[in-house]
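Asks: here are the coordinates; sequence isn't available:
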């Protein structure tokens with residue numbers, strides 16, 4: 001894929017996430033000016049299984065989170081994924097802990113809004129967790145958008161990329177890589 005098309009795909013996804021594109025309407029005012037909370041991160045992915053070569057070893061991740069009126073839209077993208085992953089879907093989720101090289105357990109469990117609100121038996125699903133599964137394109141690039149009816153609490157967090165797509169119970173296999181995300 002050429003770079004201008006990649007930029008336009010990401011720009012559109014970012015605009016949609018920020019609520020700046022409406023059906024039949026042009027761009028709305030800047031999300032931050034409209035009172036939204038906007039957070040952006042981008043970095044090479046941290047390898048959680050350093051002894052194991054995989055297509056994510058040289059990949060870069062980006063996350064844009066826009067929260068407004070008690071809801072959040074997240075846009076997660078990967079670039080530089082190796083050609084062996086073309087067509088593969090990786091599960092990706094916001095986790096409660098930090099991104100620590102070689103230590104997937106440090107990322108903790110998925111960020112779960114029902115658990116954060118004190119549920120003894122948390123509800124697991126795309127409306128209580130931030131699920132960002134990505135399918136790798138021929139150019140080594142992928143993007144996912146998730147809309148959730150909550151605002152994740154600030155802290156040192158991570159987006160963990162798992163080996164398999166997310167199933168109905170939130171499982172997605174081994175933790176391969178992560179993107180550190182932290183805000184206050």
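Replies: Alright, I've got the coordinates. Please read all numbers here as calculations on a predicted model, not as lab measurements.

Asks: Quick check: what element follows the helix or strand hosting residue 66 along the chain?
Replies: Residue 66 is located in strand 60-68, with elements delineated by DSSP states H and E. Past strand 60-68, heading to the C-terminal end, the next element that is a helix or strand (DSSP H and E) is strand 71-79.

Asks: Check which helices and strands the following helix or strand past that following strand is in contact with.
Replies: Past strand 71-79, heading to the C-terminal end, the next element that is a helix or strand (DSSP H and E) is strand 89-90. If contacts are counted by 3 or more C-beta pairs under 8 Å, 6 or more residues apart in numbering; DSSP states H and E, strand 89-90 sits against strand 134-135. Using the backbone N, CA and C atoms, a C-beta is placed for each residue, glycine as well.

Asks: so where's this protein uncertain?
Replies: Counting by pLDDT under 70, the ranges of the chain that qualify are 1-33.

Asks: Just give me the residue right at the centre of it.
Replies: Compute the mean C-alpha point of the chain, and by C-alpha atoms, centre = their mean the closest residue is residue 76, 3.9 Å away.

Asks: need the contact list for that one.
Replies: Contacts were defined as C-beta atoms under 8 Å, 6 or more residues apart in numbering; by that measure residue 76 touches 61, 62, 63, 92, 132, 134, 143, 144, 145, 146, 159, 179.

Asks: Now residue 104: phi and psi?
Replies: For residue 104, the backbone dihedrals (degrees, to the nearest 10) come out as phi -60, psi -30.

Asks: what's near enough to touch it?
Replies: Residues touching residue 104, when contacts are defined by C-beta under 8 Å, 6+ apart, comprise 48, 49, 160, 174, 175, 178.

Asks: Which among those residues count as buried?
Replies: 48, 49, 160, 175, 178 (16 or more other C-beta atoms under 10 Å).

Asks: Give me the subset of those that lies in strands.
Replies: Under the assignment DSSP state E, the buried ones among the contacts of residue 104 contribute 160, 175, 178 to strands.

Asks: who's the first one bridged to?
Replies: Applying DSSP bridges to residue 160 gives these bridge partners: residue 93, residue 178.

Asks: That one contacts residue 48, correct?
Replies: Yes: shown here, residue 160 and residue 48 form a contact pair, counting by C-beta atoms under 8 Å, at 7.4 Å.

Asks: overlap in contacts of those two?
Replies: 104, 107, 175, 177, 178.

Asks: Contacts only, for the closest residue in space to the second one that isn't next to it in sequence.
Replies: Excluding its sequence neighbours, the residue lying closest to residue 107 (C-beta to C-beta, 6 or more residues apart in numbering) is residue 95, at 4.1 Å. Applying C-beta under 8 Å, 6+ apart, one finds that residue 95 lies in contact with 107, 108, 109, 110, 111, 157, 158, 159, 160, 178.

Asks: The chain: strands as residue ranges?
Replies: Per DSSP E, the chain carries strands over the ranges 37-44, 46-47, 60-68, 71-79, 89-90, 92-95, 134-135, 142-148, 155-162, 175-183.
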